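Q: Structure for the following, please:
(2 chains)
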Amino acid sequence: MKSRPFIIFLALSLLTVGLFLADLAWGSIHISLREIISVFFGKGGDGINSEILLNFRLPKAITAILAGASLSVAGLMMQTLFRNSLADPYILGVSSGASLGVALVMMAASVLPVAFVSSGWALIVAAIIGASVVLVLVVGVSFKVNNAVSLLIVGLMFGTIAGSIVSVLQNFSNPDAIKLFVMWTFGSLSAVTWTYMQVLLPVSMLGLGMAFFLQKRLDGLLLGENYARGLGVSIIQTRLLIVIATGILAGGITAFTGPIAFVGVAIPHIARGIFRTSSHKILMPATVLCGASLILFCDIISQIPAYTLPINTISALFGAPIIIWIILKKRS
Amino acid sequence: MSILTTKNLSIGYSKKGKTDVIQSQLNLELRAGELVCLIGPNGSGKSTLLRTLTGLQKPLSGNALIDGKDILKLKQLEKALLISLVLTERVDIENATVYNLVSLGRHPHSDWWGSITEPEDTIIREAIKMVHLGHKIHQNINELSDGERQRVMIAKALAQDTPIIMLDEPTAHLDLPNRVEIMLLLHKLAHKTDKAILLSTHELDLALQAADRIWLISSDRGVECGVPEDLVFNGSFNSAFESKSYYFNAANGNFSMNYPMTKKVWVTGDKTRMYWTLRALARAGYMVVQDANIQILVTATGWKIDDNEIETVEDLLTELESQHQPFEP
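A: Numbers count the residues shown, from 1 in each chain, chains lettered A, B, ... in the order given. So this is what the prediction gives:
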């Protein structure tokens, strides 16, 4: 019994490393594994290939891992908090908040200084602020309402409001700005440069650290909030911490990559299915590995055509059928 | 030894300045090694009292003390070391085994990571054995019957290792054999582990048999505490559940319905068959009086009316009906 999770973890880790290397090798220009290794060990290599590898593909692959891990862990926490297997990080309105921030910056560009808007930082700052504002509102409400389902509905409503404001903005802005915004909503892993990585990496690590710290309380929450109280879990505090961790994870990633759909809801199911456990001690690292693998895989797939496909569409193409399969499997 | 005492406890709801007092001035006492059943009609405050004592709801005034400490002022974690709960809400966890679920009971004791050490493991296994589920320790909880699930939740409470266990209607949704088994199990556990076990229930007859002490709660009479039989003798049961359509039958500890009885018969004979005969007669509206015109003799195999042999209750009632007619004007 004890060796089974260990063997699966080993296999999953190898898969993640394999996909990571494949993601580095694949692209419009093929870079061989030997070249990748020689570049990494400082032996140099083809000047252009090493440039592509170090400054383009490596940050992109790391972003893929961070995005997959963060969104999946956030999804796992949401599903446990709401005791609903279809909950995901975006359900609290995090992505809508981020979208609103981005839309405001892009479409209100005429008012803001051009240098600020075109720098890229503007979008990221706007997305993080947007996600945080919605989150702060949701957290504020979480003190008022007594159960998780009401909180879920409130989150959905905040998301809807943010979405509506975005639509209103689109109505009044020029086609160029709308196209730019729509491109952002497709999601992209390659927007993250080493400079941005200095922010994204610590933000993701902070969120993941919080999530791992919460794993025992999450186990208690599986029994429902009243039972969890009986086990000594402080519900208000725990709910607050879970919402903050989710905001950091999902908000941070969305800000840098745009919304990536279905990973948060699909991966926790896959992890539960593979490990056949409900313990967050195992599910946390399992979702990290599964999520990282899936996004890496999606990124590889998106490179296959002559030009790069948006990551959001690929992840939806894989994620949505997985959800349908899960529901059908549960029925039988 | 008393573990939990309440002092002038008032329970109810307070909303927007309006207070709805359900019970007030409660001075109750819970003793170690005793199974206490909290019973009473709907709306008398059973759930409110239980929720207040478990700390899920605030009292209007007064306090509840454990070892002299007010449990309502304790932190969540400190409370979890004193009281464990079994609630009515259904627990549905994907992929959780009996062992997984019972191990959650160790939460208040384990470190922040929640690791299960060897002594922890022993406690968990002991708890599962105590509820007779040792053979299903690695079975998925979704594959268990409702009765077994309830026993898993009791094992979780045992693993929590608190001096007090409180259960909210633990026998609801269960069939009769399972209800009896759960009650017997709780009775045994209270005596064996020296814990105080408090449960709310609608099963009056079971509570009367299994409880060491009853807390009888009613809207107008407050909470009356005592050994079940004492509450029967002093008429508390009858008063608490008073109604026009039924009465508490002190002879058998059940509720009997008040049938409109207009017709009269007299019955004598076999003692074991008498009880059921009387029930059938009462339902059909016959009052048993000594000077009745119709005399029924209960024999070991049937009934006799004026040397007329009758084999089934159905025939007996038909016969009575025909005999009764001529007397009507």
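
Q: Please report phi then psi for whatever residue of the stretch 201-329 of chain B ends up closest to chain A.
A: For the stretch 201-329 of chain B, the residue closest to chain A is residue B:201, as judged by Cβ to the nearest Cβ, at 18.7 Å. The C-beta positions use only the backbone N, C-alpha and C, and glycine is treated the same way. For residue B:201, the backbone dihedrals (degrees, to the nearest 10) come out as phi -160, psi 160.

Q: And the helices in the stretch 201-332 of chain A?
A: Taking DSSP state H, counting those that start in this stretch, the helices of the stretch 201-332 of chain A run over residues A:215-221, A:225-230, A:235-246, A:252-257, A:263-275, A:280-303, A:311-331.

Q: for the stretch 1-150 of chain B, same thing?
A: So, for the stretch 1-150 of chain B - with DSSP H, counting those that start in this stretch - the helices run B:46-54, B:76-80, B:98-103, B:118-130, B:146-159.

Q: Need the distance between the two termini of stretch B:84-96.
A: Length of stretch B:84-96, first residue to last, Cα to Cα, to the nearest Å: 20 Å.

Q: Not counting it itself, show me its contacts.
A: The contact list for stretch B:84-96 (Cβ atoms under 8 Å, 6 or more residues apart in numbering or on different chains) reads A:85, A:222-224, A:226-227, A:230, A:272, A:275-278, B:54, B:100-101, B:105, B:140-142, B:149-150, B:153-154, B:156-158, B:160-162, B:164-170, B:172.

Q: Buried among those residues? Need that as a selection in PyMOL.
A: Remark: buried members of the contacts of stretch B:84-96, expressed as a PyMOL selection using 16 or more other Cβ atoms under 10 Å in any protein chain shown:
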select buried, (chain A and resi 85+222+223+224+226+227+230+272+275+277+278) or (chain B and resi 54+100+101+105+140+141+149+150+153+154+156+157+158+160+161+162+164+165+166+167+168+169+170)
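
Q: Tell me how many other residues crowd the residue of the stretch 101-250 of chain A found nearest chain B.
A: Minimum separation of the stretch 101-250 of chain A from chain B (Cβ to the nearest Cβ) falls at residue A:232, amounting to 3.1 Å. By other Cβ atoms under 10 Å in any protein chain shown, the residues close to residue A:232 number 19.

Q: What residues does the residue nearest to it when sequence neighbours are not counted make contact with?
A: Of all residues not flanking residue A:232 in the chain, residue B:80 sits nearest, at 3.1 Å (Cβ to Cβ, 6 or more residues apart in numbering or on different chains). Going by Cβ under 8 Å, 6+ apart, residue B:80 touches A:230, A:231, A:232, B:107, B:108, B:160, B:162.

Q: how does it look with 6 Å?
A: A:231, A:232, B:108 (Cβ atoms under 6 Å, 6 or more residues apart in numbering or on different chains).

Q: list the contacts for the spatially most central residue of chain A?
A: By Cα atoms, centre = their mean, the mean C-alpha position of chain A lies nearest to residue A:71, the distance being 2.9 Å. Contacts here follow Cβ under 6 Å, 6+ apart; on that basis residue A:71 touches A:253, A:263, A:264.

Q: phi, psi of residue B:308?
A: Note on residue B:308: its backbone torsions stand at phi -90, psi 120 [degrees, to the nearest 10].

Q: How about it: which residues does it bridge to?
A: residue B:305 (DSSP bridges).

Q: Can you read off the pLDDT for it?
A: Looking at residue B:308, its pLDDT reads 86.

Q: same question, the one 10 residues further on
A: Confidence per residue is given as pLDDT, and for residue B:318 that number is 89.
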